[in-house]
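Participant: next come a sequence and a model predicted from it.
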Amino acid sequence: MHWRKIGGLVFLGLAFTASAVAASVADAAEQRDEASLRTLLQSGVDVNAAQVDGTTALHWAAFYDDPRMVGLLVRAGADVNAVNRYGLSPLVQACTNGDAEVVKLLLEAGADANTTMSGGETALMLAARSGSTEALKALLARGADPNSRERLGQTALMWAAAEGQTAAVRALIEVGADLNARLDSGFTPFFFAVREGAFDIVQAFLAAGVDVNAMLQPAERKPGSVRLHRGNLSSTSPLLLAVQNAHFELAIALVEAGADPNDVRTGLTPLHMISGVRKPDSSDGSDGVRTGSGRLSSADFVREMVKRGADVNFRLPEGMERLPATSSHVGPEEATPLLLAADRSDVPLMRLLLELGADPSLPNSTSTTPLMAAAGVGSREPLEEAGEESEALEAVKLLLGHGADINAVDNNGDTAMHGAAYGISPLVANLLTERGADPQVWKNPNKFGCSPLFIAEGYCSRLPRPDAPTIEAVTKLMLAAGLSLEGERPEIIDSYQAVEPPKPSQPTK
């Protein structure tokens with residue numbers, strides 16, 4: 001047994017010495033100990049000896065963006081295409097970092113410009129994501145394919161667009177990267193840029209000829225496929241996608257580039273969508289109100305859209321597919337933007353729409369008016385929906401102040417008082433009475449057998465959940481009007497009640 005010291009490192013035993021000394025080359029690079037590294041290389045130790053996970057000294061030099069160490073190792077014969085157990089080559093590491101000098105050194109030493117990771121991710125994609133145009137151009141000059149796809153189908157241009165790397169996007173456009181490459185989700189590079197609110201990149205795509213009105217059209221989803229977009233999109237336009245993500249300044253730019261301000265192909269126009277963006281339901285997740293990008297507020301956006309031709313009284317067509325994340329609680333067919341804003345008790349938006357010419361009397365296809373929606377008609381889970389009782393009260397006051405018919409009855413037999421019961425809003429019920437709601441109108445059950453009292457008692461909602469304050473308020477109003485509290489209550493149906501599984505069939509004899 002004897003001791004041997006190399007480069008400040010001491011190793012014990014002849015059998016252990018060879019492998020330990022070899023691995024120490026990568027160890028010295030990991031520790032950025034250039035003096036020990038030079039000593040080891042001069043002693044003839046294998047420059048490509050790897051650590052247990054396959055990482056070589058050259059991997060570490062690329063990781064640290066150290067061109068001097070890279071040069072030293074390359075001159076010593078380091079394998080520039082060595083791959084560790086994670087599927088990473090030194091070039092992949094350099095492109096991840098976006099270090100153009102190291103990338104160029106590795107390419108000049110013979111690194112494969114089309115090297116990929118285990119998931120098909122190319123060095124070009126990594127350089128595009130990092131935003132290093134010098135590294136990107138160096139790879140392209142060595143024959144990197146700008147249209148390669150990784151296992152999920154994404155291209156380098158998609159990666160650059162999604163990361164907001166404007167210079168990389170322009171460099172890829174210049175070399176002919178496919179602008180219309182499409183994923184199964186329907187996303188193209190352009191849609192990635194719109195979703196992220198990448199204003200300059202969107203403008204670059206439009207200048208390159210991308211259609212501002214092209215629809216996102218997902219392919220039929222395959223079993224086990226991965227979604228590459230947020231939300232529950234089925235089909236949308238660039239304009240609607242920008243609005244949904246609160247990129248209002250970008251949305252205006254898209255209109256100025258030719259997008260239709262009344263685009264209704266998804267079932268909602270931008271002015272209809274804005275109420276759901278401003279006030280999402282509490283059950284829509286933990287994202288809260290979207291902050292988006294740009295300098296325009298949502299109110300500024302509405303004003304600018306109306307200036308550019310958005311119809312404040314646009315009534316949605318029937319039978320259109322809607323984006324679930326922004327759908328209303330009342331029937332959307334023939335609904336106006338004001339009706340959807342009232343449905344969410346968004347009083348500031350309602351005031352703005354009225355100021356811009358919204359008609360407070362226009363109902364939807366079932367004759368539900370904005371007043372009914374504000375009072376609560378359409379509510380199914382009031383504790384999970386946008387709008388507090390105090391906000392609903394202000395919304396009802398606002399509409400009554402603009403002449404809304406307090407005694408209107410919709411095609412289902414619902415009135416504003418029914419809405420107050422659905423929305424568990426006794427304050428609204430009292431206000432309606434103070435303002436002249438006719439008890440001989442609102443006392444009647446709707447076509448489902450539900451009167452305001454029965455609704456408050458929990459017979460007519462998705463959950464059999466009576467609300468004592470609302471029952472008390474409606475009861476008092478009925479007694480004051482000389483109305484009977486009697487009547488046949490509808491059968492309670494709990495939509496969340498577990499359904500008894502069917503019994504297994506008996507085997508045939």
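Facilitator: Looks like it arrived, so ask away. Residues are numbered from 1 along each chain as shown.

Participant: in stretch 168-183, what's buried?
Facilitator: Neighbour counts over stretch 168-183 (16 or more other C-beta atoms under 10 Å) mark 168-173, 177, 179, 181-183 as buried. All C-beta spots, glycine's among them, are computed from the backbone N, C-alpha and C.

Participant: now, those residues that are in helices?
Facilitator: Under the assignment DSSP state H, these contribute 168-173 to helices.

Participant: which of these lies closest to residue 378?
Facilitator: The closest of those to residue 378 turns out to be residue 169 (C-beta to C-beta; 43.4 Å).

Participant: any idea how far residue 195 is from that closest one?
Facilitator: Distance of residue 169 to residue 195, computed by C-beta to C-beta, to the nearest Å: 14 Å.

Participant: residue 368 now?
Facilitator: Here the distance between residue 368 and residue 195 works out to 33 Å (C-beta to C-beta).

Participant: got it, and residue 415?
Facilitator: Per C-beta to C-beta, residue 415 is found 42 Å from residue 195.

Participant: compare these two and say which is more crowded by neighbours.
Facilitator: residue 415 (29 against 23; other C-beta atoms under 10 Å).

Participant: list the contacts of that one.
Facilitator: The contact partners of residue 415, taken as C-beta atoms under 8 Å, 6 or more residues apart in numbering, are 372, 407-409, 437, 441-442, 452.

Participant: filter those down to the buried ones, ChimeraX style.
Facilitator: The ChimeraX selection below is limited to those of the contacts of residue 415 classed as buried (16+ other C-beta under 10 Å):
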select :372,408,409,437,442,452
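
Participant: just the ones of the contacts of residue 415 in helices?
Facilitator: Using DSSP H, those in helices are 372, 441-442, 452.

Participant: and these, which is closest to residue 36?
Facilitator: residue 372 (80.1 Å).

Participant: what's that closest one in contact with, if anything?
Facilitator: 330, 408, 410, 414-416, 418-419.

Participant: got any ranges where the stretch 101-250 of the chain has weak pLDDT?
Facilitator: Residue ranges of the stretch 101-250 of the chain with pLDDT under 70: 221-234.

Participant: what ranges do the helices span in it?
Facilitator: 123-130, 133-141, 156-162, 166-174, 189-196, 199-207, 238-244, 248-256 (DSSP state H, counting those that start in this stretch).

Participant: which other residues reach the first one?
Facilitator: Spelled out, it's helix 123-130. Outside helix 123-130, the residues touching it (C-beta under 8 Å, 6+ apart) are 89, 91-92, 95-98, 103, 113-116, 135-136, 139-140, 144-146, 148, 150, 154-157, 159-160, 163, 165, 168, 172.

Participant: make JSON lines from the helices of the stretch 101-250 of the chain and add distance to residue 273 to it.
Facilitator: Shown next, in JSON lines, are the helices of the stretch 101-250 of the chain (distance: least, C-beta to C-beta, whole Å):
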{"stretch": "helix 123-130", "distance to residue 273": "30"}
{"stretch": "helix 133-141", "distance to residue 273": "36"}
{"stretch": "helix 156-162", "distance to residue 273": "22"}
{"stretch": "helix 166-174", "distance to residue 273": "27"}
{"stretch": "helix 189-196", "distance to residue 273": "14"}
{"stretch": "helix 199-207", "distance to residue 273": "19"}
{"stretch": "helix 238-244", "distance to residue 273": "5"}
{"stretch": "helix 248-256", "distance to residue 273": "10"}
